[in-house]
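**Student:** Build me a structure from this.
(chains A, B, C and D)
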There are 2 protein chains.
Amino acid sequence: MSDAARSAKIILRKIETVFRLSEEERQAILSLPLTIRRFDRGQDIARQGDKPSQCVLLLEGWIARYKVVPSGKRQIVAIAIPGDLPDLQGLYLPWMDHDLGMLTKGIVAFVPHGTIEAMLGQYPRIAKALWRDSLVEGAISREWVLNVAVREAYARVAHVLCELCIRLRAVGLVHGNDFDFPLTQSQLGEVTGLSNVHVNRTLMALRSDGLISLERGSMTIIDFDKMMEASGFDESYLYLAAAA
Amino acid sequence: MSDAARSAKIILRKIETVFRLSEEERQAILSLPLTIRRFDRGQDIARQGDKPSQCVLLLEGWIARYKVVPSGKRQIVAIAIPGDLPDLQGLYLPWMDHDLGMLTKGIVAFVPHGTIEAMLGQYPRIAKALWRDSLVEGAISREWVLNVAVREAYARVAHVLCELCIRLRAVGLVHGNDFDFPLTQSQLGEVTGLSNVHVNRTLMALRSDGLISLERGSMTIIDFDKMMEASGFDESYLYLAAAA
DNA sequence: CGTCAGTTTGACCTAGTTCAAGGCCAGTGG
DNA sequence: CCACTGGCCTTGAACTAGGTCAAACTGACG
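**Tutor:** Have a look, this model is predicted:
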């Protein structure tokens, strides 16, 4: 499949989880002018302070939105997976308040703000779908606040894994209970606010309790029920089953 | 000033920080049908799982959006101050993923989703302003993730105080460097993910370092520069100086 | 004057950090 | 084909920020 075809499929899937599009709306989306670029693992896509003029649609790989604190500590404040629009906010907010970097190598499509705005003006239902998408992103951020603020390490790590599994499943990237998990333990520490050492011990505990298996970038959630129970996971904040 | 007049003033101020409204747009907002209600401190406005049919506009007092974890711990994931629309997401997301409760007594205006949607359809610039508002809310959540994940208690508490001071100033609720601060130390603990005991010790430290003064609900930021330095505060994520 | 909610302080405890050292692989170059 | 290197993972030991428990203190309010 070509990159353009893939991107079309991905963006349509995203919006059509919210509602069926008309043929006209579908065409409007498919005729958006895309610039497709490949990025390497670790490469930055945009930096804090940038004034973006294009939106980012992630086709393949994982992206981190992260912030750095004067002490040098880095915190990943959101993870984007294929199909996500990790910089939709750039459309209406004039500068980046965080960095955007690849967690893996990947493929990204850029769409100029102008063409998106034109499309939104003409097709209000698409605007509504994207607005909704940014609201879900906000809901995820709030759950992350909860996660790092009150859950102990074991539950916290388990919660992140549950969320990623469910989100990846929604875009067809989970087979059975297996999915690619490209984060290093240090990166998982930057997600959870834990040290890499403690992430390691926590993963070891999850493994020896028979909840997960993780080797060479391949994750299996062996017992999803126990994972949900251990982490207090409730997927309703992801709004996946919520066609409007 | 009547509640209706107050609500008009507040909502217009909010939107007009983004751009000047036309007389027609202004009228559309002023003629929204409002139901105004008073709430007591501690009263809940909406609960997790509710399917809201109205939006909430906060006229007076503070609102917390909070989540509860099975262990019983409560986390405040966002604070709304006068002029905020703490449940704008209800417009497009079908259920509440968190609770909404008063941190103080206050006055709230409810607006039916239907009338808002009608207005947004007719006045796209208003839609854009509200969308933008929900994007800023997302940016604040991400900063909170950073705050609770990586900052130590002293910086973390100071950061919350800086943010609230700036946001309150933007709606005219800071005089000099003084503002009403109605949170108990336990509630501040629920914001920062710290125990009430440690919040107390941290506030004592901030006081004795001459950064703040806080007595009987009245906060003074004595040295804002030092507060910013201590907490690594950078207001750009609030997008207050960012007319589109 | 008693009560109740919130604040302050002390003493002890623990989850998670930090530092340090090995181990394991995959890729590279001789 | 093997040795070397560099990320990443794993483990141990010592340390600390912040939690928990408990008690005293303050002020507002009926």
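**Student:** Which parts of chain A are helices?
**Tutor:** Along chain A, counting by DSSP state H, helices occupy A:3-16, A:23-30, A:113-122, A:124-150, A:153-170, A:185-192, A:196-208, A:224-231.
**Student:** Can the fifth one be said to contact DNA strand C?
**Tutor:** So the one you mean is helix A:153-170. Yes: for helix A:153-170, a contact with DNA strand C is found by CB under 7 Å from any atom of the strand, at A:Ala153, A:Tyr154, A:Arg156. (Glycine included, C-beta is placed from N, CA and C.)
**Student:** follow-up on the earlier one: quick one: closest of the helices of chain A to chain B.
**Tutor:** Closest to chain B of the helices of chain A is helix A:124-150 (CB to the nearest CB; 3.2 Å).
**Student:** Quick one: closest of the helices of chain A to DNA strand D.
**Tutor:** DNA strand D lies closest, by CB to the nearest atom of the strand, to one member of those: helix A:185-192, at 3.4 Å.
**Student:** what's the angle from the closest one to helix A:124-150?
**Tutor:** 100 degrees (axes from the mean of the first three to the mean of the last three CA atoms, to 10 degrees).
**Student:** in helix A:185-192, what's buried?
**Tutor:** Within helix A:185-192, the residues scored as buried using 16 or more other CB atoms under 10 Å in any protein chain shown are A:Gln185, A:Gln187, A:Leu188, A:Gly189, A:Glu190, A:Val191, A:Thr192.
**Student:** Can you give me the buried ones in stretch A:222-242?
**Tutor:** Those would be A:223-224, A:226-228, A:230-233, A:235-239, for stretch A:222-242 by 16+ other CB under 10 Å.
**Student:** Name the nearest of those residues relative to A:Thr115.
**Tutor:** A:Tyr239 (26.9 Å; CB to CB).
**Student:** wait, what's in contact with the residue lying closest to that closest one once chain neighbours are set aside?
**Tutor:** Taking CB to CB, 6 or more residues apart in numbering or on different chains, and ignoring the residues beside it in sequence, A:Tyr239 has A:Val136 as its nearest neighbour in space, at 5.0 Å. A:Val136 makes contacts with A:Leu238, A:Tyr239, B:Leu93, as judged by CB atoms under 8 Å, 6 or more residues apart in numbering or on different chains.
**Student:** wait, doesn't the last one sit right on A:Leu238?
**Tutor:** No: the pair formed by B:Leu93 and A:Leu238 falls short of the contact definition of CB atoms under 8 Å, at 10.5 Å.
**Student:** got any residues that touch both of the two?
**Tutor:** A:Val136, A:Ala139.
**Student:** Go ahead and flag the most central residue of chain A.
**Tutor:** Centroid-nearest residue in chain A, with CA atoms, centre = their mean: A:Ala80, separated by 2.1 Å.
**Student:** does it have beta-bridge partners, and which?
**Tutor:** Counting by DSSP bridges, A:Ala80 is bridged to A:Ile63.
**Student:** Whether stretch A:197-213 contacts DNA strand C - can you check?
**Tutor:** Yes: shown here: stretch A:197-213 in contact with DNA strand C (CB under 7 Å from any atom of the strand) through A:Val197, A:His198, A:Arg201.
**Student:** Thank you kindly, that will do.
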